[in-house]
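Asker: Take a look and give me a structure for this.
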Amino acid sequence: MEQKDINESVETLEPQTESSIGETQVAYTFKDFLKMIGKHWVALVLAALLGLAGGVVYGRYVQKPKYEASSSLYILNNEVSDKANDRITYAKNMARIASNYMTQTEVKEVACKLLTGDLEYKGKENSFEGAYTPYGKYAVFAKTNDNNEKVYDTTALGKCYKVTLEQFNTSDTSIFLHINTTTKNEELSIDVANAVVSATMMLTEDEESSPIAKELKGYIHCMAPANSATNTATKTYVLAIIGTLLGAILGAAYGILRVMLSTRVATKKELEIITGIKVIGMIPDYIEKDDSTQSTLEKDDAEHKVEKEGK
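Answerer: Below is the predicted model of the structure:
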């Protein structure tokens, strides 16, 4: 290589400044975080135990049960039509009308009367056995107004249920309506679901009911009553597991923050991260020499020296 080429190669190299000497990029690793957590393992254990206890207490004594029940109706369009799409469209429209109607005050008021025992409906054609609820034990849905008249709390009843639609496939001319109830009492969830179905069927069979109810007559049919309710509240053991995990996470976070926010530099790596300069050497701690660590030869020399000075 000629001297000229060598000189050009040397000139392309940037001179290394004093500030860049020893600079390094150091970051915390997963192992470092584990060490931080290990320094405060007591906090981790205590937080996990507190989370476990909190989950158990909440699941057993604080959380309210949530019972869900369901009864079903269905809309069937038996109209004769050359076009299947027309029958399907009409069934869908009737189902939407029925689902909306079952949440109206007219239906809820009759359902309240059934639940309070002020009305009894034994069912006619299109009804299923057990749909009516003449128990008279849910006085909570009735109250007295300022004029000492009995009124029904349709608002409270409306909060207990909702109506959903279901069509198994796009070619079905029958669409199902599910009355899904959610309450804190198992028997109440069952009775509300059946009371709403009974009220709907009762109104469709009543000649003095609203035009909407009369329009639904012949198209709406009972399918399945609510016979049982399921408690869907979160299980206690699930809450205990969640509480333990959350507690452990908080305990670990506490340990990491405690170390990282500390103004004391405890390790070589922490010093490198703070300064950005690689440590190339350390002064060892001075350990005072112990006589017990002296060799036999050193002890003999010391004793000989003492004897010589004594003479």
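
Asker: Contacts only, for the closest residue to Tyr152 other than its chain neighbours.
Answerer: Among residues not flanking Tyr152 along the chain, Cys112 sits closest, at 3.7 Å (Cβ to Cβ, 6 or more residues apart in numbering). From N, CA and C alone the C-beta is placed, and that goes for glycine too. Listed by Cβ atoms under 8 Å, 6 or more residues apart in numbering, the contact set of Cys112 reads Phe141, Ala142, Tyr152, Asp153, Thr154, Leu157.

Asker: Could you report the pLDDT at Cys112?
Answerer: Looking at Cys112, its pLDDT stands at 92.

Asker: Show me which parts of the helix or strand hosting Leu115 are buried, residue by residue.
Answerer: Using DSSP states H and E, Leu115 sits in helix 105-116. Burial within helix 105-116, assessed by neighbour count using 16 or more other Cβ atoms under 10 Å, is assigned to Glu106, Val107, Lys108, Glu109, Val110, Ala111, Cys112, Lys113, Leu114, Leu115, Thr116.

Asker: Quick check: which ranges of this protein have low pLDDT?
Answerer: Along the chain, the model assigns pLDDT under 70 to residues 1-26, 78-84, 122-136, 168-172, 263, 265-266, 270-271, 274, 285-311.

Asker: Of all the helix elements in it, which one is longest?
Answerer: Ranked by number of residues, the top helix in the chain under DSSP state H is helix 236-260.

Asker: which residues touch that helix?
Answerer: Residues outside helix 236-260 that contact it (Cβ under 8 Å, 6+ apart) are 33, 36-41, 43-56, 58-60, 63, 266.

Asker: The residues you listed in helices, which ones?
Answerer: Mapping the contacts of helix 236-260 onto helices (DSSP H) picks out 33, 36-39, 41, 43-56.

Asker: ok, which stretches of the stretch 101-250 of the chain are strands?
Answerer: Ranges of strands in the stretch 101-250 of the chain, per DSSP state E, counting those that start in this stretch, are 142-144, 150-152, 161-166, 174-183, 220-224, 230-231.

Asker: elements contacting the longest one?
Answerer: When contacts are defined as 3 or more Cβ pairs under 8 Å, 6 or more residues apart in numbering; DSSP states H and E, strand 174-183 sits against strand 67-76, helix 84-101, strand 161-166, helix 186-204.

Asker: Save those as JSON lines, and put in mean neighbour count and distance to Ile256 too.
Answerer: Listed next are the helices and strands packed on strand 174-183 as JSON lines, based on neighbours: other Cβ atoms under 10 Å; distance: least, Cβ to Cβ, whole Å:
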{"stretch": "strand 67-76", "mean neighbour count": "22", "distance to Ile256": "42"}
{"stretch": "helix 84-101", "mean neighbour count": "17", "distance to Ile256": "53"}
{"stretch": "strand 161-166", "mean neighbour count": "16", "distance to Ile256": "46"}
{"stretch": "helix 186-204", "mean neighbour count": "26", "distance to Ile256": "46"}
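
Asker: Now these in CSV, please, with extra columns for distance to Tyr28.
Answerer: Formatted as CSV, the helices and strands packed on strand 174-183 follow (distance: least, Cβ to Cβ, whole Å):
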stretch, distance to Tyr28
strand 67-76, 48
helix 84-101, 58
strand 161-166, 51
helix 186-204, 53
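
Asker: Out of those, the one nearest Asn231 is which?
Answerer: Of all the helices and strands packed on strand 174-183, it is strand 67-76 that lies closest to Asn231, at 5.5 Å by Cβ to Cβ.

Asker: who does the closest one pair up with?
Answerer: Its sheet considered, strand 67-76 pairs with strand 174-183 (antiparallel), strand 220-224 (antiparallel), strand 230-231 (antiparallel) by DSSP bridges.

Asker: Mean neighbour count, the ones you listed: which tops it?
Answerer: strand 174-183 (a mean of 20; mean count of other Cβ atoms under 10 Å).

Asker: Provide the contact partners of that strand at residue level.
Answerer: So strand 174-183 is in contact with 66-77, 91-92, 94-95, 98-99, 102, 160-167, 189-190, 192-193, 196-197, 220, 223, 226, 229, 232, going by Cβ under 8 Å, 6+ apart.

Asker: how big is the angle separating that strand from helix 84-101?
Answerer: Taking axes from the mean of the first three to the mean of the last three Cα atoms, to 10 degrees, one finds strand 174-183 and helix 84-101 inclined to each other by 20 degrees.

Asker: How about Thr144, nearest residue that isn't a chain neighbour?
Answerer: Closest to Thr144 by Cβ to Cβ, 6+ apart is Lys150, at 5.9 Å.
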